[in-house]
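Chemist: Show me the folded form of this:
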Amino acid sequence: MPLVNSGAIRTDLLDAEIEATKLGKSLEDVMESITTLTSEFGTGFAEARGMASSVIDTSVALGLSTSEGAQLIGTFATLSGLSNEAAVALAKQTTLLATASDVAPQQVLRDIAGSSEA
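Modeler: Numbering: from 1, shown residues only. Take a look at the predicted model:
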């Protein structure tokens, strides 16, 4: 059984916290992103840690809460089989399409994110 590398976990979390702080967010947002991805979408812990900064950045850019951003990316990745990077790109493209169609992008994205809830 492989040993858990707590140093790597600590480094990932601290790095994500630094990036989150640059966007006005905190370690709590990092943990919220990780928890949403792992508990609601079955994303592995290591992958979710690696995605935390991207989820927070995308959430801020799209005007969503961290939880909504994680749900949106998780929904896109799960429903379409996309990689997490492709799911982030799809979320941004959806925003552009909604804006071009004169529809409130945040509402569209919240609806999509909300569709993942049971």
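
Chemist: for stretch 22-30, what is the average pLDDT?
Modeler: On average, the pLDDT along stretch 22-30 is 93.

Chemist: Give me the contact list for that stretch.
Modeler: By C-beta atoms under 8 Å, 6 or more residues apart in numbering, the surrounding residues in contact with stretch 22-30 are 13, 16-17, 20, 52-53, 56-57, 60, 66. To be clear about C-beta, it is placed using only N, CA and C from the backbone, and glycine gets the same treatment.

Chemist: run the last query once more with 10 Å
Modeler: Here stretch 22-30 makes contact (C-beta atoms under 10 Å, 6 or more residues apart in numbering) with 12-21, 32-33, 48-49, 52-53, 55-57, 59-61, 65-67, 69-70.

Chemist: Check those for burial and list the buried ones.
Modeler: 12-13, 16-17, 19-20, 32-33, 48-49, 52-53, 55-57, 59-60, 66-67, 69-70 (16 or more other C-beta atoms under 10 Å).

Chemist: where along this protein do the helices fall?
Modeler: 6-22, 27-41, 45-62, 66-80, 84-100, 105-114 (DSSP state H).

Chemist: and these, which is most packed in?
Modeler: Mean neighbours per residue, mean count of other C-beta atoms under 10 Å, is largest over the helices of the chain for helix 66-80, with a mean of 22.

Chemist: what inclination does that one have with respect to helix 6-22?
Modeler: Here helix 66-80 points in a direction 110 degrees away from that of helix 6-22 (axes from the mean of the first three to the mean of the last three C-alpha atoms, to 10 degrees).

Chemist: Next, the angle from helix 66-80 to helix 27-41.
Modeler: Going by the same axes, to 10 degrees, helix 66-80 makes 30 degrees with helix 27-41.

Chemist: List phi and psi for V103.
Modeler: Per-residue torsions, V103: phi -120, psi 140 (degrees, to the nearest 10).

Chemist: shouldn't it be in contact with L96?
Modeler: No: using C-beta atoms under 10 Å, V103 is not in contact with L96; the gap is 11.3 Å.

Chemist: ok, the closest residue to M51 other than its chain neighbours - contacts?
Modeler: Nearest non-adjacent residue to M51, counting by C-beta to C-beta, 6 or more residues apart in numbering: N84, 5.3 Å away. For N84, the contact set (C-beta under 10 Å, 6+ apart) comprises 37, 41, 43, 47-48, 50-51, 54-55, 73-74, 76-77.
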